Each structure stands twice: as C-alpha cells, then as structure tokens.
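S.K.: could you work out the structure for the sequence below:
(one chain, ligands or ions: 1)
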Amino acid sequence: MIRLGILISGSGTNLQAIIDAIEADTLDVNIALVVSSRPDAYGLTRAEAGGIPTLALTKSDYEYPIAADERIARALQLAGVDYVVMAGYMRKVCAPLLTAFPQRIINIHPALLPSFVGAHAIADAFAYGVKLTGVTVHLANEEYDRGPIIAQRAVEVEEADTLETLEQKIHAVEHVLYPEVLQLLAQGRVRIADDGRVAIL
Ligand code: GRF
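M.R.: Below you'll find the predicted structure:
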C-alpha cells in the first residue's frame with residue numbers, strides 16, 4: 001500500500017476527507033505522517049484523533065525555508081513516504097522537498113488553474129464574476145500553483161451564490177475529488193509523460 005505524507009497549515013478538512021475515505025475503504029493508502037507548518041493547525045488534532053504521527057513546525061523554522069524543507073524531507077523519508085500530499089499547506093515547497101520527491105508532490109487548488117493562482121483563489125474568482133470555477137489537483141513544482149494538472153472538476157457560480165456558498169460548493173468538490181485522485185495514484189493509474197502532461201490509465 002502506498003504511503004502518504006500530508007502537509008497542512010490549517011483546518012485540515014481535506015485531510016479529514018482523506019482519513020474518512022480510508023475508513024470507508026474507498027481509498028487504499030496509508031497516511032504515514034502529517035506535517036503542519038503551524039503548531040496550532042486544527043488539522044493536527046484531526047491527525048492525532050486518527051492515530052497518525054505528526055510533525056509541527058513553527059514560523060521561526062521557516063525563516064530558513066531550505067533548512068525547514070530539509071527537515072521535512074528527512075522526516076517524510078524516515079516515515080517511508082511515497083507521495084507528498086499538500087492539503088491547505090500555505091508554504092511553497094522548495095528544492096530539498098522537490099528533489100527528495102520528484103514528480104511525487106501533489107497539491108489541491110480551489111480554482112481551475114491556470115486561472116486564479118494564489119491564496120485567495122475562491123474570492124478572486126467570485127470577485128471577477130466568472131460563471132465557472134472549480135478545483136484542480138496538480139503536481140507541485142518550483143512555481144506556486146503551477147505544475148502538471150492531474151484532474152479538474154468544474155463548479156458553476158450561480159446567480160444566488162455568495163462568496164460563502166461558493167466556498168462551500170468548492171470545498172465539497174475538493175473533499176470528493178482529492179480522495180478520488182489519490183486512489184488513482186494508489187492504483188498506479190496516473191502516468192506523467194516526459195512533456196509533463198498527465199494521463200489517467
Ligand atoms: C483548500 O481550499 C485547498 O484547496 C487550499 O486550502 C484549503 C485548505 O482547506 N489549498 P483545509 O485545511 O483542507 O480545510
């Protein structure tokens with residue numbers, strides 16, 4: 001069974017969706033370690049409740065981002081992690097992690113990339129007035145919110161939507177899509193071509 005390391009910074013609802021899918025037997029993975037960029041992230045409580053080992057870093061650790069990522073990479077390797085899954089991780093991954101897990105770091109973004117990159121994607125899409133937005137799961141690389149796209153799912157913005165209802169709709173889609181994509185990975189059905197395009201087998 002493949003082993004995941006999950007990186008979080010906040011509430012961890014995507015982590016929870018992954019834990020729930022494992023418990024429901026729809027996702028055949030093992031979560032070997034949860035790493036948080038903040039010691040107060042509620043996601044850490046979710047991990048502990050699920051009996052998952054955790055590592056929490058602090059803001060001061062990230063004054064030296066390379067050293068922080070070296071530490072995280074070492075911990076993930078010690079835990080025998082195959083894939084690194086970013087789930088609301090608000091830090092950029094840098095060279096030590098990218099080198100330790102080439103083409104094996106996955107991120108979820110609450111918009112249809114390459115539109116609306118950055119930390120406020122749902123609000124930015126709503127303010128722009130798009131009629132269609134959605135969720136993207138992609139491989140992380142040196143550029144924030146770039147990297148080969150594995151899967152996308154659309155969410156319509158309806159007349160009656162407010163930012164809050166749109167956020168709810170997007171998060172609901174994330175919680176279904178992320179476990180689905182991770183199951184494809186677990187089944188060895190995600191192939192990355194040399195040109196970076198991803199095919200689902
Ligand atoms: C999600 O919307 C994710 O797409 C974005 O950050 C949010 C994390 O939420 N990268 P949670 O911590 O999983 O609840």
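S.K.: and the residue of the chain that's closest to the ligand?
M.R.: The ligand sits closest to G88 of the chain, with a gap of 2.5 Å, by CB to the nearest ligand atom. Any C-beta I mention is one placed from the backbone N, CA and C, and that applies to glycine too.
S.K.: okay, now the closest residue to that residue other than its chain neighbours: neighbour count?
M.R.: Nearest non-adjacent residue to G88, counting by CB to CB, 6 or more residues apart in numbering: G10, 4.9 Å away. Neighbour count for G10, taken as other CB atoms under 10 Å: 18.
S.K.: now R104
M.R.: Neighbour count of R104, defined by other CB under 10 Å: 20.
S.K.: likewise for G50?
M.R.: The tally of other residues near G50 (other CB under 10 Å) stands at 16.
S.K.: how about the residues of the protein by the ligand?
M.R.: Contact residues, the chain versus the ligand (CB under 6 Å from any ligand atom): 8, 10-14, 43, 87-88, 108-110, 171, 174.
S.K.: show me these that map onto strands.
M.R.: Using DSSP state E, the subset of the residues of the chain next to the ligand located in strands is 8, 108-109.
S.K.: which one among these gets closest to R38?
M.R.: Using CB to CB, I8 comes nearest to R38 of those, at 8.5 Å.
S.K.: now do the contacts for the closest residue in space to Q103 that isn't next to it in sequence.
M.R.: Among residues not flanking Q103 along the chain, I192 sits closest, at 5.4 Å (CB to CB, 6+ apart). I192 is in contact with 103, 139, 148, 198, counting by CB atoms under 8 Å, 6 or more residues apart in numbering.
S.K.: mind putting the residues of the chain next to the ligand in a markdown table, pLDDT included?
M.R.: As requested, the residues of the chain next to the ligand are exported to a markdown table (pLDDT from 0 to 100):
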| residue | pLDDT |
| --- | --- |
| I8 | 98 |
| G10 | 97 |
| S11 | 97 |
| G12 | 98 |
| T13 | 98 |
| N14 | 98 |
| G43 | 98 |
| A87 | 98 |
| G88 | 96 |
| I108 | 97 |
| H109 | 97 |
| P110 | 98 |
| H171 | 98 |
| E174 | 98 |
